[in-house]
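Engineer: Quick check, what structure comes out for this input:
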Amino acid sequence: MKAPAAPTKAPPHDPPHAAALEVLRRVFGYDAFRGEQGEIIAHLVGAGDALVLMPTGGGKSLCYQVPSLLREGCGIVVSPLIALMHDQVAALRQAGVRAAALNSTLSARDARAVEAALLAGELDLLYVAPERAVTPGFLELLDRARIALIAIDEAHCVSQWGHDFRPEYLQLATLHERFPDAPRIALTATADPLTRQEIVERLALRDARVFVASFDRPNIRYTIVDRNDPRAQLLRFIGDGHRGHCGIVYCLSRRKVDDTAAWLLENGVRALPYHAGMDAAARTRNQSRFQSEEGIVIVATIAFGMGIDKPDVRFVAHFDLPKSVEGYYQETGRAGRDGLAADAWMAYGLADVVQQRRLIEASDADDAYKRVSSAKLDALLGLCETAGCRRVRLLAYFGQASVPCGNCDNCLHPPQTWDATEAARMALSAIFRTGQRFGVVHLIDVLRGKDTERVRRWNHAALGVFGVGAGTDEHTWRSVFRQLIALGYVRIEHGAHGALQLDESSREVLRGERAVQLRSDVRAKGSARRGARRRSGAGSGAASGAVDPGQLDARDAELLEKLKSWRSGQSREQSVPAYVVLHDATLVEIARTRPGHADALAGVAGIGARKLERYGEELLEIVRTAT
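Structural biologist: Numbering: from 1, shown residues only. Alright, predicted model coming up:
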C-alpha cells in the first residue's frame with residue numbers, strides 16, 4: 001500500500017480548533033465548518049462520545065474524518081455497504097489521506113496488506129462492514145492496533161422500528177466493551193425520537209453528547225402529485241427540468257423497475273434498472289455506470305441507495321409510496337448532496353395506501369411492530385395530503401419547528417380547499433350501506449350510479465346512496481376516499497381485498513356534527529429551475545454561495561463543459577467516479593471565477609493541497625485557453 005508523500009496528522013501542539021481548521025483547509029479544501037461540525041470534531045478529539053443527527057449532504061463524514069487525522073492512531077469506520085466504502089476510500093486517497101477498506105471484495109493477499117498497514121501505523125482511516133467488525137479475528141487485529149476513534153455510520157440500522165434495520169448492527173456495542181478508551185461517534189440522517197432512543201440504548205451511548213443539526217435540505221424542492229397517468233407524469237417531470245440530468249426513480253416492485261426503465265429508455269431517457277432479482281454482474285455494472293457516467297437515471301427498488309455517495313443527483317422520483325416519513329426523507333436526501341438545486345417528486349394514489357396496508361398486515365412481524373408501521377404510514381399520508389408547506393410538515397415529524405419554505409409545490413402553487421362535508425357523508429354512508437366489504441372502485445360505482453355486473457350481483461342499485469354522487473367525477477371521489485383514509489375516518493380492512501371500513505371517529509361526520517375540509521387536487525405544474533439557498537461551510541459537496549449551473553452565462557457554461565470533459569477523462573483513467581475527482585460544485589465555481597493562478601485556484605472550495613498539486617496546472621491551462 002502506498003502512503004501519502006506527506007504526513008496528515010496535525011502537529012500535537014496546535015490548539016484543537018486551529019488544528020481542525022488547518023486539516024479542513026489543507027486536506028479537504030474548505031475554509032470553514034458548517035453548523036456544529038467544529039464542535040462535534042472538538043468533542044471527539046477530546047475523547048468524548050457523540051450521537052450525530054445530520055441530513056444527507058450535511059457533512060457527516062467530516063465529523064469523524066477530521067478527528068481521525070488529529071488523533072493518534074487509525075479511525076475505524078463501520079459502514080454498511082461496500083459501494084460506499086469504495087467511494088469514501090477513493091475520495092480520501094484523492095485528498096492525500098491514508099485510507100483503506102476491509103471487505104469481501106479483497107483477495108486474501110490484499111486483505112493481509114491492509115491489516116499490515118494498520119498494524120504499522122500507516123492508515124488514518126479503515127472502513128469495515130458491521131459483520132466483519134465484530135468477528136473474533138478483526139477484534140484481535142484491533143487489539144494490536146492503535147485506534148483513534150470508532151465511527152458507526154448509518155446508525156439508524158440498529159433500530160428494529162426503522163426502515164433499514166440490519167440485525168448485525170445489534171452486536172456493535174461489543175466494540176465499546178472491548179475498546180472503552182476509544183471515543184465513538186454514531187451518525188445518521190434519519191431518526192425520529194423512538195429510533196434515536198433505540199440507537200442510544202443498543203449502542204451503549206447513554207453518556208454520549210447528542211448533536212442534532214437541522215433536518216432541512218433547503219436546496220430540495222418537494223412535490224407530491226395525485227397519480228393520474230403516472231408514466232406520462234414522470235416523463236413530463238423529467239422533461240420539464242431534468243433532461244440529461246442524473247436521477248433516481250424508486251419503484252416498489254422489481255417488475256415495475258424493469259418495465260419503467262425500459263419505457264424511459266424508449267422515450268429518450270438514459271435509464272438503467274437496479275434490483276436484487278437481477279444478475280449480480282448486471283446489477284454491479286448498472287450501479288457503476290450510474291456512479292461514473294453523466295446523465296444516467298437509475299430505476300430501482302429501495303435496495304439501491306444507502307451506499308450511494310454521488311453528490312450530483314439532481315432528482316429523486318417516487319413512482320410508489322414509501323413506507324414511512326423516514327424512508328421518504330432518507331431516499332429524497334440522495335438528491336442534491338452537492339447543495340445545488342434538486343427535486344424530490346412523487347406520484348401518489350389510493351392504490352398505494354391499500355398496497356402498503358396489505359404489506360404491513362401480511363408481514364410476519366408481531367402486533368407491536370405492525371402498530372408502529374401503521375402509525376408511520378399514517379404520518380406519511382399526512383405529509384402527502386397536507387394543504388400546507390410540505391417542508392414544515394416533514395421537519396415537524398423530526399421535532400423541528402419551521403416556517404413555510406417557498407420551495408415546495410404547496411408553497412409555490414397553494415392548493416385550494418373545499419367544504420367536503422356532504423361528499424364525506426356520502427362516501428362514509430356508501431361504505432356503511434354496502435356492509436363495509438368493498439373497495440374504493442365499487443364504492444365509486446355505487447355513488448355515481450353505474451350499472452356494473454357487481455352492482456347488479458349485490459343489488460346495490462336499490463340502496464339509497466346509489467347515484468347520489470353522480471355529479472362528481474371519479475377522480476374527485478378517489479381524492480375524497482384517499483383523504484378520508486389519511487384523516488383517520490376510514491381504515492383499510494386487513495384482508496387481501498382492501499375493503500374500506502369505518503373508524504369510530506366517522507360517526508360525528510355521519511351525524512353532521514363535524515365539518516370536513518379537503519384539499520382540491522391540482523394537476524402538477526412544471527418545475528421551474530431556480531437557484532438554491534445554501535448554508536455556509538464545509539460538507540460533502542458545495543461551498544458557501546454555490547451557484548446553480550443554470551445560472552452561468554453562455555461563456556462560463558461552455559468552460560464548465562470543458563472542465564467536465566477533462567474530469568471524465570480523469571475518471572476513466574483512474575477508474576473512479578467523476579465526482580471523486582472533483583464535485584460539480586467545484587467545477588462550477590472554477591468556471592464562474594476563472595482563477596488565473598495557483599493561489600486563486602486554492603481558494604475554490606473542494607481544492608485541497610493534494611488536488612491542487614495533482615490537477616492544478618491542467619485546470620489552470622483549461623481556464624487560460626477558454627474563450
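Engineer: need the helices for the stretch 151-300 of the chain, in chain order.
Structural biologist: Along the stretch 151-300 of the chain, the stretches classed as helices by DSSP state H, counting those that start in this stretch are 173-178, 193-202, 230-241, 254-266, 280-292.
Engineer: Including mean pLDDT, distance to residue 215 and mean neighbour count, could those helices go into CSV?
Structural biologist: Just so you know, the C-beta spots here come from the backbone N, C-alpha and C atoms, and that holds for glycine as well. Below are the helices of the stretch 151-300 of the chain laid out as CSV (pLDDT from 0 to 100; distance: least, Cβ to Cβ, whole Å; neighbours: other Cβ atoms under 10 Å):
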stretch, mean pLDDT, distance to residue 215, mean neighbour count
helix 173-178, 93, 26, 16
helix 193-202, 87, 12, 17
helix 230-241, 95, 24, 17
helix 254-266, 96, 29, 17
helix 280-292, 88, 26, 16
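Engineer: Those helices: which one's closest to residue 360?
Structural biologist: Proximity to residue 360 (Cβ to Cβ) singles out helix 193-202 among the helices of the stretch 151-300 of the chain, at 16.8 Å.
Engineer: May I have the closest one exported as CSV, CA atoms only?
Structural biologist: Extracted in CSV, the C-alpha atoms of helix 193-202 (Å, rounded to 0.1, in the frame of the first residue of the first chain):
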residue,chain,number,x,y,z
PRO,A,193,-37.4,10.2,18.8
LEU,A,194,-38.2,6.4,19.0
THR,A,195,-35.3,5.5,16.7
ARG,A,196,-32.9,7.9,18.4
GLN,A,197,-33.6,6.3,21.8
GLU,A,198,-33.0,2.9,20.4
ILE,A,199,-29.6,3.9,18.9
VAL,A,200,-28.5,5.2,22.3
GLU,A,201,-29.6,2.1,24.2
ARG,A,202,-28.4,-0.6,21.7
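Engineer: which secondary structure elements does it contact?
Structural biologist: Applying 3 or more Cβ pairs under 8 Å, 6 or more residues apart in numbering; DSSP states H and E, one finds that helix 193-202 makes contact with strand 50-53, strand 184-188.
Engineer: any idea which of those is most buried?
Structural biologist: Mean neighbour count (mean count of other Cβ atoms under 10 Å) peaks for strand 184-188 among those, with a mean of 27.
Engineer: In CSV, list the C-alpha atoms belonging to that strand.
Structural biologist: The C-alpha trace of strand 184-188 is given here as CSV (Å, rounded to 0.1, in the frame of the first residue of the first chain):
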residue,chain,number,x,y,z
ARG,A,184,-17.2,6.7,19.5
ILE,A,185,-19.4,8.6,17.1
ALA,A,186,-22.7,7.2,15.7
LEU,A,187,-24.2,9.1,12.8
THR,A,188,-27.5,9.0,10.9
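Engineer: just for the stretch 351-500 of the chain, where's the confidence low?
Structural biologist: Low-confidence segments of the stretch 351-500 of the chain, defined by pLDDT under 70, are located at 494-497.
Engineer: returning to that earlier point: any chance of JSON lines for the helices of the stretch 151-300 of the chain, columns distance to residue 157?
Structural biologist: Putting the helices of the stretch 151-300 of the chain into JSON lines (distance: least, Cβ to Cβ, whole Å) gives the following:
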{"stretch": "helix 173-178", "distance to residue 157": "14"}
{"stretch": "helix 193-202", "distance to residue 157": "9"}
{"stretch": "helix 230-241", "distance to residue 157": "30"}
{"stretch": "helix 254-266", "distance to residue 157": "23"}
{"stretch": "helix 280-292", "distance to residue 157": "20"}
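Engineer: do you know which of those lies nearest residue 395?
Structural biologist: Per Cβ to Cβ, nearest to residue 395 of the helices of the stretch 151-300 of the chain: helix 193-202, 13.8 Å.
Engineer: how about the strands of the stretch 101-250 of the chain, start to end?
Structural biologist: 125-128, 147-152, 184-188, 209-212, 220-226, 247-250 (DSSP state E, counting those that start in this stretch).
Engineer: same thing with the stretch 301-450 of the chain?
Structural biologist: Counting by DSSP E, counting those that start in this stretch, the strands of the stretch 301-450 of the chain are 315-318, 342-348, 417-419.
Engineer: do the stretch 501-627 of the chain as well
Structural biologist: Under DSSP E, counting those that start in this stretch, the stretch 501-627 of the chain gives strands at 517-519.
Engineer: where does the stretch 101-250 of the chain dip in pLDDT?
Structural biologist: Ranges of the stretch 101-250 of the chain meeting pLDDT under 70: 160-164.
Engineer: For this protein, list the residue farthest from the centre, please.
Structural biologist: Ranked by distance from the centre of the chain (Cα atoms, centre = their mean), the top residue is residue 462, with 51.1 Å.
Engineer: And that one, its phi and psi?
Structural biologist: phi -90, psi -10 (degrees, to the nearest 10).
Engineer: any idea how far it is from residue 456?
Structural biologist: 11 Å (Cβ to Cβ, to the nearest Å).
Engineer: quick revisit: so can I have JSON lines of the strands of the stretch 101-250 of the chain showing distance to residue 386?
Structural biologist: Formatted as JSON lines, the strands of the stretch 101-250 of the chain follow (distance: least, Cβ to Cβ, whole Å):
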{"stretch": "strand 125-128", "distance to residue 386": "40"}
{"stretch": "strand 147-152", "distance to residue 386": "34"}
{"stretch": "strand 184-188", "distance to residue 386": "25"}
{"stretch": "strand 209-212", "distance to residue 386": "23"}
{"stretch": "strand 220-226", "distance to residue 386": "9"}
{"stretch": "strand 247-250", "distance to residue 386": "21"}
